[in-house]
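1. what would the 3D arrangement of this be:
(one chain, ligands or ions: 2)
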Amino acid sequence: MNCLSPSILSADFANLGDQIRQLDEAGAQYVHIDVMDGSFVPNISFAFPVIKSIRGLTDRMFDVHLMIDEPIRFIDQFADAGADIITVHAEACKHLDRTIEAIKERGILAGVALNPATPLSAIEYVLPKVDMVLIMTVNPGFGGQKLIPYTIDKVADLKKMIEKTGTKADIEVDGGINLENCTKLMDAGANIIVAGNAVFSGEIGENVCRFLDILNG
Ligand code: DX5
Ligand code: ZN
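-> Ligands and ions are numbered 1, 2, ... in the order given. Have a look, this model is predicted:
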């Protein structure tokens, strides 16, 4: 199934609750939650108190993207805050397999993310264990960047790898995605589309509907 995962990094934090309700009402299936630690990426965002306080507003899937070093230290706290999916970066984990196991032990979905320059071989052996692979289509850390074109080929290569290995992971893409380039990513094999600026600039509900029209083909 194709799903939209609006990134609340681009939300108006003074009106976060209201904006999350708008996403929900317009039909976005996921809420993408970008957590940054100022070390793995050159920016800091938000974490547990924010996630906890918005958890009561919607039943949509909380898609928590951890851009933090050694995320294994905080898996329980993100699960307790209400994450439905936790995605960790392969580059940020000394023990990627152990980290994925720690997520699965909490009975939630496990994702693994790759920066643009990281080869797919970094996740070859854990592919059968994960529910989702997140291909970063920009260098992580900031909303509103331009998509890096070669990442579209990487999505197509991942799709082939998933088919060849008979595994079932969803393919999520994140960074610089808009109504114009979204179809290219879906054609390459992506089925979970993250969008920050493209959803939160202008009328949120209308933007979500436009994306969903494309996703529902
Ligand atoms: C980048 C974040 C993205 C970002 C997407 O580090 O992981 O989720 O907020 O925002 P846009 O769609 O504006 O690139
Ligand atoms: Zn993200």
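
2. give me the neighbour count for R21.
-> Residues within reach of R21, counting by other Cβ atoms under 10 Å, total 16. Where you see a C-beta, it was placed from the backbone N, CA and C, and this is true even at glycine.

3. against ligand 2, how distant is the nearest residue to it once chain neighbours are set aside?
-> Closest residue in space to R21, ignoring its immediate chain neighbours: L57 at 6.1 Å, by Cβ to Cβ, 6 or more residues apart in numbering. Going from L57 to ligand 2 by Cβ to the ion, to the nearest Å gives 20 Å.

4. quick one, what contacts the one residue in the chain that gets nearest to ligand 2?
-> The nearest approach of the chain to ligand 2 comes at H65, 3.7 Å away (Cβ to the ion). Going by Cβ atoms under 8 Å, 6 or more residues apart in numbering, H65 touches 32-35, 87, 111, 113, 134, 174, 194.

5. ditto for V199
-> Counting by Cβ under 8 Å, 6+ apart, V199 touches 4, 6-7, 10, 23, 28, 207-208, 211.

6. same thing with I54?
-> Contacts for I54 (Cβ under 8 Å, 6+ apart) come out as 8, 16-17, 20, 31.

7. can you classify it by secondary structure?
-> Following DSSP: H, G, I helix; E, B strand; the rest coil, we place I54 in the helix state.

8. tell me the pLDDT at it?
-> At I54, the model reports a pLDDT of 98.

9. would you mind measuring from it to ligand 1?
-> For I54, the distance to ligand 1 equals 16 Å [Cβ to the nearest ligand atom, to the nearest Å].

10. same deal with E70?
-> Separation of E70 from ligand 1 (Cβ to the nearest ligand atom): 18 Å.

11. likewise E163?
-> E163 sits at a distance of 26 Å from ligand 1 (criterion: Cβ to the nearest ligand atom).

12. any residue of stretch 73-88 touching ligand 2?
-> No: counting by Cβ under 5 Å from the ion, ligand 2 has no neighbours in stretch 73-88; the shortest distance is 8.0 Å.

13. CA atoms of that stretch as PDB?
-> Included here for stretch 73-88 are C-alpha records, laid out as PDB according to Å, rounded to 0.1, in the frame of the first residue of the first chain:
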ATOM      1  CA  ARG A  73      20.200   4.000  24.100                       C
ATOM      2  CA  PHE A  74      16.700   5.400  23.600                       C
ATOM      3  CA  ILE A  75      14.600   2.800  21.900                       C
ATOM      4  CA  ASP A  76      12.500   2.100  25.100                       C
ATOM      5  CA  GLN A  77      11.800   5.800  25.600                       C
ATOM      6  CA  PHE A  78      10.700   6.300  22.000                       C
ATOM      7  CA  ALA A  79       8.500   3.200  22.200                       C
ATOM      8  CA  ASP A  80       7.000   4.500  25.500                       C
ATOM      9  CA  ALA A  81       6.400   7.900  23.900                       C
ATOM     10  CA  GLY A  82       4.100   6.200  21.300                       C
ATOM     11  CA  ALA A  83       6.200   5.300  18.200                       C
ATOM     12  CA  ASP A  84       4.700   2.700  15.900                       C
ATOM     13  CA  ILE A  85       7.800   2.500  13.700                       C
ATOM     14  CA  ILE A  86      11.300   3.400  14.700                       C
ATOM     15  CA  THR A  87      13.900   3.900  12.000                       C
ATOM     16  CA  VAL A  88      17.500   4.100  12.800                       C
END
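
14. many thanks, have a good one.
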